Structure formats: structure tokens, C-alpha cells
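Novice: Quick one: sequence and predicted model below, then my questions.
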Amino acid sequence: MKSLLVGLMVFIFEKILIFSNLKKFRLQNRNVEARSAEFCTLNRGDLLQVPRTLFIHFGIYLGNNKVAHLMPDILPAIFDNKCLIGKVVTNKRLILGVLAKVASIRVDTVQDFAYGGSIIVNPMDKSFKTKPLSNEEVAQRAEKRVGATSYSLLWDNCEHFVTYCRYGSPVSFQANKFCDVLKKIIRDQRIVVISAAAGLVLTLCVGLGPFTILPSFLITFTLWMAS
């Protein structure tokens with residue numbers, strides 16, 4: 001009786017697993033179909049926005065399922081292999097590119113550009129004071145800049161690239177918000193006290209020396225003068 005009951009429970013459990021996996025597979029297919037339908041409505045010159053882990057990424061749609069976007073990437077600084085560099089930029093490549101300030105404006109498929117995220121089309125048209133240029137001019141501007149480019153997290157990023165192409169003026173609202181937050185932090189004089197205390201603790205733990213005293217003094221002094 002017990003073995004029959006256990007067997008029945010195992011049978012039911014297996015059916016539940018099969019059903020749940022089938023349902024999950026159907027949902028994934030529906031999402032892919034919905035995204036494909038969404039991609040079909042894109043127009044050449046559209047500004048695309050997709051959320052990433054720590055930031056929002058931007059690109060310009062060129063038509064034929066292609067997107068031009070500025071991507072920090074460490075590989076071009078290390079290898080000349082175009083096939084290897086042409087693969088989708090992973091988060092590790094991106095972060096190392098940010099640190100090395102190495103980037104390029106590259107053309108990828110919409111799917112690779114989205115990197116699993118949902119796409120928003122022309123989100124800045126309502127908030128940007130300047131009217132967008134014609135879609136064809138936007139796309140041509142993006143195509144002309146494809147290739148290696150300078151990069152700065154605050155002054156020359158993917159948002160600067162797309163706003164230059166679509167509105168004629170390089171602007172990054174993300175960078176501006178970050179700077180505003182940084183200003184608020186610097187203006188808080190408690191940060192000065194914390195940095196001074198941290199420098200004192202570091203000096204007591206490591207000992208007196210130029211590698212402990214100078215950074216602690218300079219950081220505290222800079223924060224004090226900027227506050």
C-alpha cells in the first residue's frame with residue numbers, strides 16, 4: 001500500500017514538473033514573439049533605451065534589425081581579432097572597458113543590443129527641449145561615427161552619443177543625476193568627519209608613512225574645501 005502511494009505521488013510530481021516546464025516554455029515563446037513583433041515596429045533613426053544591471057543603455061536603430069551603440073570594451077585594446085571583438089560584449093568586458101576608458105561605436109542586432117532587457121523607443125522626445133532631427137539624418141550621424149571612439153563615464157558615454165545623433169547636442173541625464181548626488185554627498189560635512197576618522201584609523205593600524213598620511217590628508221582636505 002505504501003509503495004503504491006509513493007509511486008502515485010512520484011507520478012503526480014513528474015506530471016506537475018512536465019506541465020510547469022511546458023508552461024514556462026510557452027511563456028518564453030510568447031515573450032520572444034512579442035519582442036519580435038515589437039522590433040518590427042521600429043523605424044530607422046529611432047532612439048532605443050534598454051535597462052541594464054547598473055545603468056540604462058542607449059542606441060540608434062539603423063534598420064534591418066541593426067543598432068549602433070557606444071560600448072566600452074577592453075578587447076579592442078588587447079586583440080586585433082575582429083571575429084572575437086565582434087561577439088556580444090559581456091558585462092566583464094564592459095566593466096574593464098570602462099576602467100580602461102576604451103570604447104567603440106559598434107553595430108549589433110537588436111537582440112544583442114537588448115541583452116535580454118525590454119526596449120523603450122524614443123523616451124527622450126517628450127523631455128528633451130530640442131526637437132529631434134529627421135530619422136534619416138539621425139541614422140546617418142550614427143553610421144558616420146561607427147568605429148573606435150573616446151570614452152568617459154561622465155562626459156562621453158552611450159547617452160551622449162545618441163543625444164548627439166538625434167538632437168544635435170550631446171547630453172547625459174544619467175551622468176547629470178550622478179553628479180548631483182555626488183555634490184550632495186560632498187556638501188554633507190559628516191563625510192569630512194568620516195574620512196578624517198577613517199584616515200586616523202588607517203594610520204594607527206598600518207603606521208605612519210607617506211602612503212597612509214598623504215592620501216588621508218588629501219582626501220579630507222579636498223572634501224573640506226569642496227563642502
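Specialist: That came in fine, so what should we check first? Residues are numbered from 1 along each chain as shown.

Novice: shouldn't Glu137 be in contact with Gly45?
Specialist: Yes: look at Glu137 against Gly45 with CB atoms under 8 Å: they come within range, at 7.4 Å. To be clear about C-beta, it is placed using only N, CA and C from the backbone, and glycine gets the same treatment.

Novice: Between those two, tell me which one has more neighbours.
Specialist: Gly45 (23 against 14; other CB atoms under 10 Å).

Novice: how close does that one sit to Asp112?
Specialist: When CB to CB, to the nearest Å is applied, the distance between Gly45 and Asp112 equals 19 Å.

Novice: Ala100 now?
Specialist: As judged by CB to CB, Ala100 and Asp112 stand 22 Å apart.

Novice: cool, and Lys183?
Specialist: 36 Å.

Novice: Between the two, which is the more surrounded one?
Specialist: Asp112 (17 against 12).

Novice: looking at the chain, which helix or strand does the model trust least?
Specialist: helix 2-40 (a mean of 41; mean pLDDT, DSSP states H and E).

Novice: Following that helix in sequence, what is the next regular element?
Specialist: Remark: after helix 2-40, the chain's next helix or strand is strand 47-51, criterion DSSP states H and E.

Novice: Contacts for that following strand, please.
Specialist: By CB atoms under 8 Å, 6 or more residues apart in numbering, the surrounding residues in contact with strand 47-51 are 42, 56-61, 67, 110, 113-115, 117-125, 132, 138, 162, 165-166.

Novice: Show me what the next helix or strand after it is packed against.
Specialist: Per DSSP H and E, the first helix or strand lying C-terminal to strand 47-51 is strand 56-63. Strand 56-63 is packed against strand 47-51, strand 66-72, helix 110-114, helix 135-144, helix 158-167, with contacts defined by 3 or more CB pairs under 8 Å, 6 or more residues apart in numbering; DSSP states H and E.

Novice: how is this structure carved up into domains?
Specialist: 1-41, 47-172, 188-226 (automatic domain parsing).

Novice: how close does the closest residue in space to Gly63 that isn't next to it in sequence get to Ala142?
Specialist: Once flanking residues are discounted, Gly63 sits nearest to Arg44: 4.0 Å by CB to CB, 6 or more residues apart in numbering. Distance, Arg44 to Ala142, by CB to CB: 10 Å.

Novice: between the two, which one's more packed in?
Specialist: Ala142 (27 against 16).

Novice: What is the burial count for Leu153?
Specialist: 15.

Novice: Where does the closest residue to it other than its chain neighbours sit, in terms of helix or strand?
Specialist: Among residues not flanking Leu153 along the chain, Val98 sits closest, at 6.0 Å (CB to CB, 6+ apart). Using DSSP H and E, Val98 maps to helix 91-100.

Novice: buried stuff in that helix?
Specialist: Residues of helix 91-100 classed as buried by neighbour count (16 or more other CB atoms under 10 Å): Arg93, Leu94, Leu96, Gly97, Val98.

Novice: so can I have TSV of those residues showing distance to Trp155 and pLDDT?
Specialist: What follows is the buried residues of helix 91-100, written out as TSV (distance: CB to CB, whole Å; pLDDT from 0 to 100):
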residue	distance to Trp155	pLDDT
Arg93	21	84
Leu94	18	83
Leu96	19	85
Gly97	16	85
Val98	13	85
